[in-house]
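A.B. asks: would you be able to build a 3D model of this:
(chains A, B, C and D)
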There are 2 protein chains.
Amino acid sequence: MATTGNSRRRPTISDIAKAAHVSKTTVSRFINGRTDELSPDLAARVEATIRELDYHPSAVARSLRSHRSYTVGVLVANIATPFGTSIVSGVSERLREAGYTAIVVAADDSAQRQGELADTLLRHQVDGLIVNSATDKDHDLVRLGDRGVPVVLVDRAVEGADFDIALSTYDASMRALVEHLAEQGFARAALFTEPFVEVGPRRDRHEAFCAVDCGAFGSPDPEADVFVVNPWEHETVDAALDELLATTDGPPAIVATNTLTLIGAFNAIQRRGLSMPQDVGLCGPDDWGWAHRMGWDWPESLGPGVTTMVTRPYSMGFAAADLMVTRLAQPERAHETRDIPTDVVFRASTLLGRAQAS
Amino acid sequence: MATTGNSRRRPTISDIAKAAHVSKTTVSRFINGRTDELSPDLAARVEATIRELDYHPSAVARSLRSHRSYTVGVLVANIATPFGTSIVSGVSERLREAGYTAIVVAADDSAQRQGELADTLLRHQVDGLIVNSATDKDHDLVRLGDRGVPVVLVDRAVEGADFDIALSTYDASMRALVEHLAEQGFARAALFTEPFVEVGPRRDRHEAFCAVDCGAFGSPDPEADVFVVNPWEHETVDAALDELLATTDGPPAIVATNTLTLIGAFNAIQRRGLSMPQDVGLCGPDDWGWAHRMGWDWPESLGPGVTTMVTRPYSMGFAAADLMVTRLAQPERAHETRDIPTDVVFRASTLLGRAQAS
DNA sequence: TTGAAAGCGCTACCAC
DNA sequence: GTGGTAGCGCTTTCAA
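C.D. replies: Purely as a prediction, here's the structure:
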């Protein structure tokens, strides 16, 4: 019994008001938790009615009226990657804690799609935008910021944009890495990087490498130690490896600018039947925060183990969402940068000194 | 110049109507693409005004009025997994094609959170729900379906729910796998599985295994060949492996019910210093559609290479979204099941016959 | 402490 | 073809 039975359409605030013999205002107050402004008996009556009719307030109507949706748009450059996924997880978790819902969309590394998606999100009245940008220069995004839309960046900076941002700087760990290579007795350090330098971290790592290359290896022209490869095309990686070996006197060490390139280089080394670290050293970033949380330490399983700089995308995402929550609460505060530290984990692939000793 | 300059607040349809000297209705018709109902000159005027004022229609107001949000809720059991990610990618792509926006939320494998999130999504007036369920029995979800909310399931069925669903069945590939093990001369097939059988595919694979175990190995009691392990706790996997070896006369082969268990078993085999396939065979599902798209074939890199059943989460997601788009267009059509095929890729870890021959 | 009424930005319906 | 107007479900004054 008692099942009111019929009406297929979802009950509205008016239905509740009518059924509970109170005004819509009262119901509104109740569902917004301002129970202190209500007499206990009314509150109880409203609550019971809500239960009975299985009432769920419409977030849409609420947003329209209040101009707040408790929704944050999350624009991620590439979600098909553990790095992107981890960012999303971190963001979602923090937003959920704070009572916000994340609307996640993926730009598939396309600057154009990024623009369209930002548009879509804004139409949906998101309270703010958390952006892991597919591109270095997004003029529209900058304009949004000027227009007063709260924007927080993750991992990748955008030119000319003064936003809150959560990222990792790579100077310190890149320095540690390259100095380590020199100490281990490698003859030369080479940077393997993908062609596009449109994205921030890749460029940062590139620059950090060049800066350190001079000091540690006394390289007169660091750019000569940079090899552009496309991990999707084996031949380009093989060619770079061949050239590197042919032009180096003694074992060189490869530094990859991202995980994909690292794996690509690893595969090339295997194809050539070379052994690490004796013939060639290998190291690069471990952007895959996810792997560790899955209990699987991939750099450990790759050949003899690969030396990596560990980034923490989950933490970046979490920090970014935290920045957003803070800004939403205090729109006028100064922009803040959160630097999520990265560490270097040394493994067999670069331990040339030890390998030679034994 | 010409920048209208001032008003910070976003223009509304009324602003456009006023500025273009037309009615709101006309503007509405234009932004909804019903240009055939408009005289070309009016359309042009409206378009120009929209450009000039940088007008973006409010999806919120539109949803409130029209009861359609062009938004689909995507509830994924665990997004921190390549499997979940791939589903999301597939779903998002198909939805975007069809003009819908995906609102993705992750349940972190919690049935309770799944319920809460479904709630949140419905408050936001999503037109439908695509669910990769964290649990086998979700009574609330079934109720939603009864209430007329369009629901499509991905990969995991829900008890008592008659919904559209996109999944993979495992009978055929499990049969191929186990028969292959028998042919290769393994003495026994053993299923390594995680404790909870709440989720569909794991249970399906379990059942498929038992059915095939009798036939291929003539096992009188297939359940005796099932070992429950927890991949997160090494000891449980080690213990299962030890017991398996102690109670089998000749090399046994392990079949894992999911990728995590497969990796766990692999690690245990390494810890015991056993070699594959001579001492023990190993195979299981490759749920990580993502890895292949990244250009990295992980089962190939694990030891001598691991035999896997390849599932296609991206395709499942895509198919699920397609089902949703179809249902939204034709709410009354019969429920449909899409079976995404899985294949078995044979690698060294189970090629006992070949290993012994050489 | 409670309620009446206006209105958020848009679409649907009905007139012209 | 075009426009006026009511109203989607809620919050927000303001008045009682």
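A.B. asks: which stretches in chain A count as strands?
C.D. replies: Along chain A, the segments classed as strands by DSSP state E run A:71-76, A:101-106, A:128-132, A:151-154, A:164-167, A:188-193, A:226-228, A:252-256, A:281-286, A:307-310, A:337-339, A:343-345.
A.B. asks: wait, which of those strands is closest to DNA strand D?
C.D. replies: Among the strands of chain A, strand A:71-76 comes nearest to DNA strand D, with 14.1 Å by C-beta to the nearest atom of the strand. To be clear about C-beta, it is placed using only N, CA and C from the backbone, and glycine gets the same treatment.
A.B. asks: just the CA trace of the closest one, in CSV.
C.D. replies: C-alpha atoms of strand A:71-76 as CSV (Å, rounded to 0.1, in the frame of the first residue of the first chain):
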residue,chain,number,x,y,z
THR,A,71,29.5,21.6,-11.2
VAL,A,72,33.1,22.0,-12.5
GLY,A,73,34.2,21.3,-16.0
VAL,A,74,37.3,19.2,-16.3
LEU,A,75,39.0,19.5,-19.7
VAL,A,76,41.8,16.9,-20.1
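A.B. asks: state the mean pLDDT of it.
C.D. replies: Here strand A:71-76 scores 95 as its mean pLDDT.
A.B. asks: which other helices and strands contact it?
C.D. replies: Using 3 or more C-beta pairs under 8 Å, 6 or more residues apart in numbering or on different chains; DSSP states H and E, the elements in contact with strand A:71-76 are helix A:82-97, strand A:101-106, helix A:111-123, strand A:128-132.
A.B. asks: so how far is DNA strand D from the residue nearest the centre of chain A?
C.D. replies: Residue closest to the mean C-alpha point of chain A, counted by C-alpha atoms, centre = their mean, is residue A:87 at 3.6 Å. Distance of residue A:87 to DNA strand D, computed by C-beta to the nearest atom of the strand, to the nearest Å: 31 Å.
A.B. asks: residues near the spatially closest residue to that residue that is not a sequence neighbour, how many?
C.D. replies: Computed as C-beta to C-beta, 6 or more residues apart in numbering or on different chains, the closest residue to residue A:87 that is not its neighbour in sequence is residue A:317, at 3.9 Å. Counted with other C-beta atoms under 10 Å in any protein chain shown, the neighbours of residue A:317 add up to 33.
A.B. asks: quick one: contacts for residue A:317?
C.D. replies: Going by C-beta atoms under 8 Å, 6 or more residues apart in numbering or on different chains, residue A:317 touches A:86, A:87, A:88, A:89, A:90, A:91, A:92, A:93, A:94, A:154, A:166.
A.B. asks: I figured residue A:173 hits residue A:340, correct?
C.D. replies: No: here residue A:173 lies out of contact with residue A:340, judged by C-beta atoms under 8 Å, at a distance of 11.6 Å.
A.B. asks: domain assignment for chain A?
C.D. replies: A:5-54, A:69-168+A:314-339, A:171-312+A:343-357 (automatic domain parsing).
A.B. asks: the shortest one vs DNA strand D: in contact?
C.D. replies: Yes: for domain A:5-54 and DNA strand D, the contact criterion (C-beta under 7 Å from any atom of the strand) is met by A:9, A:10, A:12, A:13, A:14, A:24, A:25, A:28, A:29, A:31, A:32.
A.B. asks: just to revisit the earlier point, now do the residue nearest to the centre of chain A, the pLDDT please.
C.D. replies: Reported pLDDT for residue A:87: 93.
A.B. asks: can you list the contacts of residue A:317 in CSV and add distance to residue B:332?
C.D. replies: CSV is the format used below for the contacts of residue A:317 (distance: C-beta to C-beta, whole Å):
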residue, distance to residue B:332
A:86, 42
A:87, 41
A:88, 36
A:89, 38
A:90, 42
A:91, 38
A:92, 35
A:93, 39
A:94, 42
A:154, 43
A:166, 48
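A.B. asks: drop anything exposed from those.
C.D. replies: A:86, A:87, A:88, A:89, A:90, A:91, A:92, A:93, A:94, A:154, A:166 (16 or more other C-beta atoms under 10 Å in any protein chain shown).
A.B. asks: what parts of chain A come near DNA strand D?
C.D. replies: Contact residues (C-beta under 7 Å from any atom of the strand) of chain A with DNA strand D: A:9-10, A:12-14, A:24-25, A:28-29, A:31-32, A:57-58, A:61-62, A:64-66.
A.B. asks: any idea how far stretch A:40-58 is from the chain center?
C.D. replies: 41 Å (C-alpha atoms, centre = their mean, to the nearest Å).
A.B. asks: oh, I was asking about stretch A:277-291
C.D. replies: 19 Å.
A.B. asks: avg pLDDT for that stretch?
C.D. replies: 81.
A.B. asks: using CSV, write out every CA atom in that stretch.
C.D. replies: Once non-C-alpha atoms are left out, stretch A:277-291 reads as follows in CSV (Å, rounded to 0.1, in the frame of the first residue of the first chain):
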residue,chain,number,x,y,z
PRO,A,277,73.3,-0.1,-19.2
GLN,A,278,76.5,-1.5,-20.8
ASP,A,279,75.7,-0.5,-24.3
VAL,A,280,73.4,2.3,-23.6
GLY,A,281,71.7,3.9,-20.6
LEU,A,282,68.0,4.8,-20.5
CYS,A,283,65.9,6.9,-18.3
GLY,A,284,62.9,9.2,-18.4
PRO,A,285,59.7,10.3,-16.7
ASP,A,286,57.2,7.9,-15.1
ASP,A,287,54.1,9.9,-15.7
TRP,A,288,51.9,6.9,-15.0
GLY,A,289,50.8,7.4,-11.4
TRP,A,290,48.1,4.9,-12.1
ALA,A,291,50.5,2.0,-12.4
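A.B. asks: if you count neighbours, what's buried in stretch A:105-115?
C.D. replies: Neighbour count says stretch A:105-115 has A:105, A:106, A:107, A:108, A:109, A:111, A:113, A:114, A:115 buried, by 16+ other C-beta under 10 Å.
A.B. asks: list the contacts of residue A:87.
C.D. replies: A:76, A:132, A:154, A:155, A:313, A:314, A:316, A:317, A:320.
A.B. asks: for burial, what's the neighbour tally of residue A:312?
C.D. replies: By other C-beta under 10 Å, neighbour count at residue A:312 equals 20.
A.B. asks: hmm, it is touching residue A:340, no?
C.D. replies: Yes: with contacts counted by C-beta under 8 Å, residue A:312 reaches residue A:340, the gap being 5.3 Å.
A.B. asks: what do the two both touch?
C.D. replies: In contact with both residue A:312 and residue A:340: residue A:168, using C-beta under 8 Å, 6+ apart.
A.B. asks: separation between the residue in the stretch 1-150 of chain A that DNA strand D sits nearest to and residue A:137?
C.D. replies: Of all residues in the stretch 1-150 of chain A, residue A:13 sits closest to DNA strand D, at 2.8 Å by C-beta to the nearest atom of the strand. Separation of residue A:13 from residue A:137 (C-beta to C-beta, to the nearest Å): 46 Å.
A.B. asks: quick one: which of the two has more around it?
C.D. replies: residue A:13 (21 against 13).
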